[in-house]
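Participant: With the input below, show me the fold.
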Amino acid sequence: MKATIWGHTDLAEGHEEVHRFAFELHDGSAAPPVRESVSLRTARVVVAHLQDGNALIQMFRAIVNSESPNYDKLIGQSFEDDFIQNGPSDRVDDSPAWQNAER
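Facilitator: Got it, this is the predicted structure:
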């Protein structure tokens, strides 16, 4: 999967936690990309609870780690999964939770 930030919305002063970032997700298939948005507040909650290397979480981490004067520099940045291309994650192990994963 690839996640790309394509915009953000400046909100009135004092509302930084609900600052919104527009992004696009593309899974590499023939399907069209999905466009969504996320608030800074939501991105902070997600990264506080997930230690994942997928594109969406990487993008959220970049948003959370940026200072508001640098938000414009995020536009156009893309993030890709830290997984084996066209295969399961290198984090797949022998646990029953992965019983249907192709290796």
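Participant: any chance you could map the helices in this structure?
Facilitator: Counting by DSSP state H, one finds helices in the chain at the ranges 40-49, 55-65, 71-74.
Participant: most tightly surrounded among those helices?
Facilitator: Across these, averaging neighbours per residue (mean count of other Cβ atoms under 10 Å) puts helix 55-65 on top, at a mean of 19. C-beta here means a position set from N, CA and C on the backbone, and glycine is covered the same way.
Participant: Report the inter-axis angle for that one versus helix 40-49.
Facilitator: Angle, helix 55-65 to helix 40-49, by axes from the mean of the first three to the mean of the last three Cα atoms, to 10 degrees: 110 degrees.
Participant: which non-adjacent residue is nearest the residue most central in space within the chain?
Facilitator: Geometric centre of the chain, nearest residue: residue 56, 1.8 Å, by Cα atoms, centre = their mean. Spatial nearest neighbour of residue 56, chain neighbours left out: residue 3 (5.2 Å); criterion: Cβ to Cβ, 6 or more residues apart in numbering.
Participant: Let me see the contact set for residue 1.
Facilitator: For residue 1, the contacting residues are 25, 26, 27, 28, 54, 55, 56, 80, 81, by Cβ atoms under 8 Å, 6 or more residues apart in numbering.
Participant: hmm, 7 Å instead?
Facilitator: Taking Cβ atoms under 7 Å, 6 or more residues apart in numbering, we find residue 1 in contact with 25, 27, 54, 55, 81.
Participant: Those residues in strands, which ones?
Facilitator: Cross-referencing the contacts of residue 1 against strands under DSSP state E gives residue 25.
Participant: Ranking by neighbours, what's the top pick from the contacts of residue 1?
Facilitator: residue 55 (22 neighbours; other Cβ atoms under 10 Å).
Participant: That one against residue 4, yeah?
Facilitator: No - here residue 55 lies out of contact with residue 4, judged by Cβ atoms under 7 Å, at a distance of 8.9 Å.
Participant: on that earlier part again, export the helices of the chain to JSON lines and append columns for distance to residue 10.
Facilitator: Converted to JSON lines, the helices of the chain look like this (distance: least, Cβ to Cβ, whole Å):
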{"stretch": "helix 40-49", "distance to residue 10": "12"}
{"stretch": "helix 55-65", "distance to residue 10": "14"}
{"stretch": "helix 71-74", "distance to residue 10": "8"}
